[in-house]
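Undergrad: can't give you the sequence, but here's the structure:
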């Protein structure tokens, strides 16, 4: 065998052929990991278990003479490694650049050697045959995987490269065709919400924030459409609840009211059921005295448009007969020279007064007296009665018998006493 030094390793090349000739051949198969890049070395002695002789039987010397330089005999068993890397952060939404870095210079590496899943490659370039860059254009949303198989490039020793790592980058695309529009609803006591329009791409879902409102007002709703293969799409729109019309949701009425005066305050009230969350307030809604006034009822609530209703509140005059015991009766008086009159009996209702017509008589006779009871809050009551003065009996006057002695002159009698005023005396016989 022939002793060979490869790097720091000593190996032995075995005899192959050459017996019977002036040349003999030795061979050694280089093992992986054995490298000598500055030339192998040969030891000057052939190791052999038997003597080497010529045809005459003379034994040859085992020492090698005139060994040529082996500096050009290099051993290279190293396979280049290659690493794929990118400065793009996953997920990406646009084409990105990948760098393939070999551990040493290589040849024979072309774009078609690169395996790409879900992408198109272009623009392979290098300045040193060690670092190569190329552009990766994703095809559809999803995972993009790039790798370099083994043995697609060789180094100076014609050793093929090892397979690279697999570079995986998530590619997300923009979601289109989805909208979220403002929505306005009339309050009806139930929760309202918005919804996107359009068809969600496969593998995406939508989630909402602040998407429920019952009471009147406006709020911003956020819809987020997301999926592993897409960029999140965030949409906003206004959800508005407007005031409802009370007329549309209730049977409320407000009608005129008329009351007979009784000295107490009167008021009107709506009829029907107030919608939940509403109240009613009144203006000018109290009257005691006879007359008419307009009352305003305002029904309001935060979720409704104010409803203003009007109606007339009327107080009509009361009948005095219904509220008192007043009477007016005939009166008869014996003449005494003084004026006589009549008067009602009973209690006048508050706020009323009585006036009389033809209510004075002195002399004998009869006359009709009118009593009129009136007041702002009552129907006028007219009563009539007869005022009578009857004849008086004359007293204090006498006519006494008289006796005279005849003297040829006429004699007569005369009353004694004072005639009442307005009376006269006449004599017969």
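TA: Thanks, I have it. Small disclaimer: the values here were computed from a predicted structure and weren't measured.
Undergrad: so where's the stretch 1-150 of the chain shaky on pLDDT?
TA: For the stretch 1-150 of the chain, applying pLDDT under 70 flags the ranges 49-50.
Undergrad: 90 instead, please
TA: For the stretch 1-150 of the chain, the stretches with pLDDT under 90 are 1-26, 28-78, 91, 93, 140-142.
Undergrad: which residue ranges form the strands in it?
TA: 2-6, 9-17, 25-27, 41-46, 82-86, 96-102, 115-117, 119-126, 131-138, 142-147 (DSSP state E, counting those that start in this stretch).
Undergrad: Including distance to residue 381 and mean neighbour count, could those go into JSON lines?
TA: Any C-beta I mention is one placed from the backbone N, CA and C, and that applies to glycine too. Below are the strands of the stretch 1-150 of the chain laid out as JSON lines (distance: least, Cβ to Cβ, whole Å; neighbours: other Cβ atoms under 10 Å):
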{"stretch": "strand 2-6", "distance to residue 381": "149", "mean neighbour count": "19"}
{"stretch": "strand 9-17", "distance to residue 381": "148", "mean neighbour count": "13"}
{"stretch": "strand 25-27", "distance to residue 381": "155", "mean neighbour count": "13"}
{"stretch": "strand 41-46", "distance to residue 381": "155", "mean neighbour count": "14"}
{"stretch": "strand 82-86", "distance to residue 381": "112", "mean neighbour count": "17"}
{"stretch": "strand 96-102", "distance to residue 381": "108", "mean neighbour count": "19"}
{"stretch": "strand 115-117", "distance to residue 381": "112", "mean neighbour count": "16"}
{"stretch": "strand 119-126", "distance to residue 381": "111", "mean neighbour count": "14"}
{"stretch": "strand 131-138", "distance to residue 381": "106", "mean neighbour count": "18"}
{"stretch": "strand 142-147", "distance to residue 381": "103", "mean neighbour count": "19"}
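Undergrad: right, and those - which one's nearest residue 66?
TA: strand 41-46 (10.5 Å; Cβ to Cβ).
Undergrad: hmm, back to that, now distance to residue 183 too, for the strands of the stretch 1-150 of the chain, in CSV please.
TA: Shown next, in CSV, are the strands of the stretch 1-150 of the chain (distance: least, Cβ to Cβ, whole Å):
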stretch, distance to residue 183
strand 2-6, 82
strand 9-17, 82
strand 25-27, 87
strand 41-46, 88
strand 82-86, 44
strand 96-102, 40
strand 115-117, 43
strand 119-126, 41
strand 131-138, 36
strand 142-147, 34
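Undergrad: so which of the ones you listed comes closest to residue 59?
TA: Among the strands of the stretch 1-150 of the chain, if distance is taken as Cβ to Cβ, the winner is strand 41-46, at 12.2 Å.
Undergrad: Contacts for that closest one next, please.
TA: The contact list for strand 41-46, computed with Cβ atoms under 8 Å, 6 or more residues apart in numbering, reads 1, 2, 3, 4, 5, 52, 62, 63, 64, 67, 70.
Undergrad: Does the last one touch residue 39 like I think?
TA: Looking back up the chat, that one is residue 70. Yes - counting by Cβ atoms under 8 Å, residue 39 is a contact partner of residue 70 at 5.1 Å.
Undergrad: quick one: common contacting residues for the two?
TA: In contact with both residue 70 and residue 39: no residue, using Cβ under 8 Å, 6+ apart.
Undergrad: can you give me the helices in this structure?
TA: 246-249, 320-323 (DSSP state H).
Undergrad: As a markdown table, those helices with distance to residue 164, mean neighbour count and mean pLDDT would be great.
TA: A markdown table is the format used below for the helices of the chain (distance: least, Cβ to Cβ, whole Å; neighbours: other Cβ atoms under 10 Å; pLDDT from 0 to 100):
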| stretch | distance to residue 164 | mean neighbour count | mean pLDDT |
| --- | --- | --- | --- |
| helix 246-249 | 72 | 16 | 88 |
| helix 320-323 | 115 | 16 | 87 |
